[in-house]
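Asks: structure for this input, please:
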Amino acid sequence: MLDLIMMLGITVSIVVLVGEPFVRRPRPSPADDPSASARAGLLLQKDTLYTAIRDLAFDFQTGKVDQQDYVALRQRLEGEAVQVLRLLDASDPSAALDAALEQHIARLRQRSS
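Replies: Predicted coordinates for the structure are as follows:
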């Protein structure tokens, strides 16, 4: 009986060791896709700019920044954020499809009115 249990254990171990590479699928890493890492960098930059805008607004409300500096800094930060958002839209493969669909819908609305 003990021999049977040992043989069964050895058989299961061999099947697991031999069959594991066939069952496990390699996961693509972000380092393999340069567009994914560029997009991740843009998303990080976007989050950083949004945080800077919120912090600037808080500093203005608490009186740490005067109105003239606040307006100038906010415009600069918003301009940078717009550029990053445009780059994100350009890097998104579905963005072109979304734009085409929006144009098509706009044309349909013009025709119906």
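Asks: what comes up buried for the longest helix belonging to the chain?
Replies: What stands out as the longest helix in the chain, according to DSSP state H, is helix 34-61. Under the neighbour-count criterion of 16 or more other Cβ atoms under 10 Å, helix 34-61 has 39, 42, 45-46, 49, 52-53, 56, 60 buried. C-beta coordinates here come from the backbone N, C-alpha and C atoms, glycine included.
Asks: what about whichever helix or strand comes after it, average pLDDT?
Replies: Sequence-wise, the next helix or strand downstream of helix 34-61 (DSSP states H and E) is helix 67-91. Helix 67-91 carries an average pLDDT of 92.
Asks: do the same with stretch 13-32
Replies: Taken as a whole, stretch 13-32 has an average pLDDT of 69.
Asks: circling back to that earlier point, quick check, nearest of the buried residues of helix 34-61 to Val18?
Replies: Arg39 (38.9 Å; Cβ to Cβ).
Asks: what residues are up against the closest one?
Replies: Listed by Cβ atoms under 8 Å, 6 or more residues apart in numbering, the contact set of Arg39 reads 88, 91-92.
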